[in-house]
Each structure stands twice: as C-alpha cells, then as structure tokens.
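Asker: Have a look at this prediction, sequence included:
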Amino acid sequence: NAGVTQTPKFRILKIGQSMTLQCTQDMNHNYMYWYRQDPGMGLKLIYYSVGAGITDKGEVPNGYNVSRSTTEDFPLRLELAAPSQTSVYFCASSWPPVLTYEQYFGPGTRLTVT
Amino acid sequence: GENVEQHPSTLSVQEGDSAVIKCTYSDSASNYFPWYKQELGKRPQLIIDIRSNVGEKKDQRIAVTLNKTAKHFSLHITETQPEDSAVYFCAASRSFGNEKLTFGTGTRLTIIP
C-alpha cells in the first residue's frame, strides 16, 4: 500500500493564481482531512470529509474549496492565492480503525505564494 | 470551539533523562487525546493515544496521563534517546480520532548526547 500520497511536493504560486493540491489514499478510509502547518504552529484543519459526496469546514476554510467524488481522492483547491496561504499542507485519512484511531498523513506539499 | 495549549514550546534534555510535555484543553466534551511525533521534514505520526475513560496508558518508554477534572494531559518519555528528537503535538477530539482533531502548537524536543 502506498498509503496517503500528495502532489506536488513543492509549488511556488504568484498572488492571484489558482491551483489544486492532490491527495489520494489506498487504504479504503472513509474520513479524509486537509491541514495546514505554519512555521512554529500546530496543524490547523481546513476541510474534512466523512465519505464520498460529504465535506465540511474545519477551523480555517476561507480561501479554499474541496470536493470528494470518490473514496480515494480529496483534492484541495486554492483560488486567488494570497501570501497568507504560504504553508505546508498535509492531507490525512482515517476510519475505520484497525489497531488505533490514527490519522495517516501524506508527505505534505510546501506552497509558497509570492 | 476547542482550544488546546501545549507547553513547553522547546525542551532540551540529556540523553537518558526523562522528558515531560503538557497540554490543556478547553472543551469538556473532548474524549480522545492523541500524541503525534513529527521528525524534521517528515509527516506527523501517531505515537500514543488515550481515551477519556482511562487515566494512564503506557507503551514501552512512552506514557500518557489524563486528568479530566483539570482538563490536562501529559506525555512522558523515559530513558530518552537521540531518535526521540522531534516535534511532538498533542491533540483533542470529541470523537475517537475522527473528524475534528484540534492540535496544540507543538514542542520541539532535543536530546543532548
């Protein structure tokens, strides 16, 4: 199993540009999440999904959109990028639990908006 | 919403000594408290978790304690080793590891050889 994969690994955007961060999991997890991690800060939840066709806002959803058309994929869309969106973005998945309730994280996407 | 505070933000200990990281939470309905470890440039990974019906849980050199009355929980690492150097995050959730995890701001632990 590849687990949770994310593309791209790095990206530089100009202010006002748009892009989609891709996330795929092959563990047949129902729940998927998008977090952002700013330097010296914890992970903040942007959006999450409890199943295909169902999404909900997290703590910091402004400036982002998501969709969940399949169990495996959970793309994050940035419209009109702003410098405040410079961050490392992590996708994660979970449920049902096997031995733990762990959220499995992808390797992250480092995004810089200039 | 939930607010999780974590202290200290940085911690240096001699190899072989113990390390303790503390977190407090605000939502009395929170019932699941995981700890994640993030090595430099890597993804966060779960190292231990505890549910609100348990006061303490141990896994080899790592233990977590929970005080529901005071709304705080702590991570204890004994006999620290160089590979314990990382950033540690506590988190809290109203459900067992799913949906909205609220993370603390992290503790950078450095083990001094």
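Answerer: Sure thing, it's come through. Numbering: from 1, shown residues only, chains lettered A, B, ... in the order given.
Asker: Walk me through which strands the helix or strand containing residue A:110 pairs with, and which way each runs.
Answerer: For residue A:110, the element it lies in under DSSP states H and E is strand A:109-113. Counting by DSSP bridges, the strands paired with strand A:109-113 are strand A:10-13 (parallel), strand A:87-94 (antiparallel).
Asker: And that strand, how far out from the chain middle?
Answerer: 12 Å (C-alpha atoms, centre = their mean, to the nearest Å).
Asker: For that strand, list the C-alpha coordinates in PDB.
Answerer: Only the C-alpha atoms of strand A:109-113 are listed here, as PDB (Å, rounded to 0.1, in the frame of the first residue of the first chain):
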ATOM      1  CA  THR A 109       3.000  19.900  -0.100                       C
ATOM      2  CA  ARG A 110       5.200  23.000   0.600                       C
ATOM      3  CA  LEU A 111       3.500  26.000  -1.000                       C
ATOM      4  CA  THR A 112       4.900  29.500  -1.300                       C
ATOM      5  CA  VAL A 113       2.800  32.400  -2.600                       C
END
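Asker: quick one: contacts for the residue of chain B positioned farthest from its centre?
Answerer: Within chain B, the residue lying farthest from the chain centre (C-alpha atoms, centre = their mean) is residue B:113, at 22.7 Å. Shown in contact with residue B:113 (C-beta atoms under 8 Å, 6 or more residues apart in numbering or on different chains): B:15, B:82. C-beta coordinates here come from the backbone N, C-alpha and C atoms, glycine included.
Asker: Now for the closest residue to chain B within chain A, how many residues are close by?
Answerer: Residue of chain A nearest chain B, by C-beta to the nearest C-beta: residue A:101 (2.5 Å). Neighbour count of residue A:101, defined by other C-beta atoms under 10 Å in any protein chain shown: 20.
Asker: Can you give me the distance of it to residue A:82?
Answerer: Applying C-beta to C-beta, to the nearest Å, the value for residue A:101 to residue A:82 is 34 Å.
Asker: tell me how far the ends of stretch B:33-53 are from each other?
Answerer: 11 Å (C-alpha to C-alpha, to the nearest Å).
Asker: circling back: how about residues contacting the strand holding residue A:110?
Answerer: A:6-15, A:19, A:21, A:78, A:81-89.
Asker: With stretch A:21-30 instead?
Answerer: By C-beta under 8 Å, 6+ apart, stretch A:21-30 touches A:1-8, A:32, A:34, A:50-51, A:71-78, A:89, A:91, A:93-96, A:104, A:106, A:109, A:111.
Asker: Mind jotting down where the strands sit in chain B?
Answerer: Assigned by DSSP state E, the strands in chain B fall at B:4-7, B:10-14, B:19-25, B:32-38, B:45-51, B:56-59, B:62-67, B:72-77, B:86-92, B:102-103, B:107-112.
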